[in-house]
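S.K.: Sequence unavailable; structure follows:
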């Protein structure tokens, strides 16, 4: 194995400082932080689709933003193709602008992620403009046309001069994907790419992403809260809770034999379009606690249906259960 | 690219269609247009030159003559035709007002964008300066500045002094407005996308922030123009204009100084007053309507709402 | 579905006038029954008319919208024939609504308990003390601690705000509850909690619920009968079992095939090409015809009526098993 993995995240922490009340800062109370990402590590192989699943507040979107450089990490390392984003790392360095030539992000809201005053041509050509690539006008037109057609918008010329508001949600998301693909990146970070689309259009976009992976070997980090979409599309799943990965493994395995109590609960409540299927639903009580004041020990223990005493004291790490399947639960280490 | 031109025309046509429907806006536009045309075609609209002294049959200066056929607004204390003064005065008032307004708009927008986009120390610095200027009353400060500069006998035309002083002190409200709008735009997802692609600050400001701000800037400029004209008139009324090139404010100054009121020569002081009102009102009506129309509309969310579907059709046929 | 319906909708037609003066027919001949103590789901995607249906039933249409035809029978009274004053009597006391985005429907500067209190007092149902007790009872019923009565909406989490909205809707003990996408913005776990809550309340109070959603999973979870809407018309209407296991309308079939099932990972997901029809420019025949994979020539010429294919199962499609059916 000579090639480095596409992406390696090591010990990633991202804390957002909480604005301190004046009195507190006078009295020099310790600063509190929103611990959005609290020690996350994973590896993404080339051509692999890793789904990062969790509810709101689990840190999945923060990870996406940190990977593409929209947020600066607090601690830890992000290694892209063997090169670190950190300047002070041992490994060779890759600058942010270089990273953004080879990795692209797809945002959640197709209605908001496109500038309403730019034409479709301008939007898709923008990455080329920003990186100073393909300066020849004809070649640029060809590149944009190819990107739009690969994203399923044909004939591409029809779309060049249109504005985003003239397109449907599905078409807009295709434009987003086209503009992400025009630089022919190796890594795509897709933050809930289909959550805001009608159900009947989601499959088109998911199929498009699947094709891109098959034809070009792109690696994809797929962020979502929807377990059912994950089932369709991912090679591996990482389940997050309060800033940590609590379970990670091959998609089929995690969905069919989940090990962590949280994963089990999530899978059990995912709505299934079949009224005859009566399954045992584990409905957790309460809501995800505030990431400012994390519970002691295992951060899931207050809501865990099978918590025992030591769960309040010990913070479980990810333990390997099979070759590629890990979960962070004290009950599993027994 | 001819496609860009076609696109621009298409947008313009859509804009016109929506604008046409608003009666107040049309009225405002009409007022401003008339004043502008009067200023441009001034020589064609008057028989006399503004400094020409009109004499009667006995070759005496026709002073304080009431409106008549040849002098539709009568004459002033020295026999000058008021109508001619009014029309040529339009040139001065509008030029000074517009130039000062544009300077204010330009400076205000640039500072507003810088403060809003870069935040941090730049923002704090610009905002503190803005605060200081906002606290000091406009008119007295301008008065003091203009008077002082004139005293310094720097051989700068008094009108130029007016333009610069008004422009450089009047940008504060624009700066605040643009800054707050910049802050909002900065947080929108398409800006995040631009950054994620690798765009630098200049690219983002130019291609993403500024186009979103343009409607607001345009609408705000028209409103600023109206106030600039008022300020110019005020300062000129107080005697700080150029007496050789009278604006409407200067005309009011003359009227006041030369006892037009006690002489009952209403045709001396009413017309410039009404003219100032005319243009200001026009700019305000126009500006308000433009602001309503051009305000960046948040993209309609079509996921569930069929009214959203209706929104697609109306925007497709229009802007 | 036996016995007399609590709410009976027949031929409901609603139109909107766009700013340009065009007419958008948001609803066309919509009919269904709501049985007491049962949950009916209105399912559809953008432009289907499901939210407009709720607004029409509560007569809360915005300016520019009006109901042009139909009958809405509630306890033998046609709600559409009532004056606004009379209708107000029905709102909240007989039927209440939980809005989409409930988080934003709560007034941020008034305590939650006070808002519920206001809802009760507005309808002059009981005196101050009794109302106060009812407020606390309601909060308890939706799983919010009684001590939270005096807190403000921002002190509640998203799920709790949704529950507070439900409590407010139940304030005057209505017989019928409309819920417009009550769980759409919520995490899947909170969604499960809220749906569980609705089921419990329904059992305890004998409430009928009309649930508007685009999520077929939610519908399968809680609904007894389902109305599938497309382009402002009813495509299919029947029990949950009919819809999920014996779907007849091509749209319903495709929609089900497009919905991923976490228990069957790896199935191919279907998608429907094209976009929903524009309500100002509807196709002459069947609304779904432009996107239908089974269409025949006749489909673009006639508007298919809603016909019974089996007891209590209605479909508006002229094809049966992909072949044109005989109407007789």
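M.R.: Sure thing, it's come through. All values derive from a computational prediction rather than experimental measurement. Numbers count the residues shown, from 1 in each chain, chains lettered A, B, ... in the order given.
S.K.: List the contacts of the residue in the stretch 101-250 of chain B that chain A sits nearest to.
M.R.: Residue nearest to chain A within the stretch 101-250 of chain B (CB to the nearest CB): residue B:198, separated by 3.5 Å. From N, CA and C alone the C-beta is placed, and that goes for glycine too. Residues near residue B:198 by CB atoms under 8 Å, 6 or more residues apart in numbering or on different chains: A:96-97, A:100-101, A:127, A:130-131.
S.K.: Buried among those residues? Make that a ChimeraX selection.
M.R.: Buried members of the contacts of residue B:198, defined by 16 or more other CB atoms under 10 Å in any protein chain shown, are picked up in ChimeraX with:
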select /A:100,101,127,130,131
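S.K.: what's the closest of the contacts of residue B:198 to residue A:145?
M.R.: Residue A:145 has its nearest neighbour among the contacts of residue B:198 in residue A:127, at 14.9 Å by CB to CB.
S.K.: Who are the contact partners of that closest one?
M.R.: For residue A:127, the contact set (CB under 8 Å, 6+ apart) comprises A:104, A:133, A:179-180, A:182-183, B:197-198.
S.K.: Please, where are all the helices along the chain?
M.R.: Just going to use chain A. Remark: helices assigned in chain A by DSSP state H are A:22-26, A:60-67, A:96-102, A:120-131, A:137-150, A:157-160, A:169-181, A:199-216, A:227-233, A:251-256, A:261-269.
S.K.: wrong one, chain C
M.R.: C:50-57, C:84-90, C:102-105, C:112-122, C:128-141, C:158-169, C:188-205, C:216-222, C:240-245, C:250-258.
S.K.: Which residue is it, in chain A, that comes closest to chain B?
M.R.: Counting by CB to the nearest CB, chain A gets nearest to chain B through residue A:100 (3.5 Å).
S.K.: follow-up on the earlier one: could you dump the helices of chain A to JSON lines with mean pLDDT?
M.R.: Below are the helices of chain A laid out as JSON lines (pLDDT from 0 to 100):
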{"stretch": "helix A:22-26", "mean pLDDT": "73"}
{"stretch": "helix A:60-67", "mean pLDDT": "92"}
{"stretch": "helix A:96-102", "mean pLDDT": "88"}
{"stretch": "helix A:120-131", "mean pLDDT": "93"}
{"stretch": "helix A:137-150", "mean pLDDT": "93"}
{"stretch": "helix A:157-160", "mean pLDDT": "90"}
{"stretch": "helix A:169-181", "mean pLDDT": "92"}
{"stretch": "helix A:199-216", "mean pLDDT": "87"}
{"stretch": "helix A:227-233", "mean pLDDT": "82"}
{"stretch": "helix A:251-256", "mean pLDDT": "90"}
{"stretch": "helix A:261-269", "mean pLDDT": "91"}
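S.K.: Of all these, which one comes closest to residue B:252?
M.R.: helix A:120-131 (50.9 Å).
S.K.: Distance of the residue in the stretch 101-250 of chain B that chain C sits nearest to relative to residue A:36?
M.R.: Of all residues in the stretch 101-250 of chain B, the one sitting closest to chain C is residue B:189 (17.2 Å; CB to the nearest CB). Separation of residue B:189 from residue A:36 (CB to CB, to the nearest Å) stands at 19 Å.
S.K.: before we move on, what about residue A:218?
M.R.: Taking CB to CB as the measure, residue A:218 falls 27 Å from residue A:36.
S.K.: got CSV for the helices of chain C, with mean neighbour count and distance to residue C:68 too?
M.R.: Output for those, formatted as CSV (neighbours: other CB atoms under 10 Å in any protein chain shown; distance: least, CB to CB, whole Å):
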stretch, mean neighbour count, distance to residue C:68
helix C:50-57, 24, 10
helix C:84-90, 12, 17
helix C:102-105, 19, 28
helix C:112-122, 19, 31
helix C:128-141, 16, 38
helix C:158-169, 24, 28
helix C:188-205, 19, 32
helix C:216-222, 24, 29
helix C:240-245, 20, 28
helix C:250-258, 22, 25
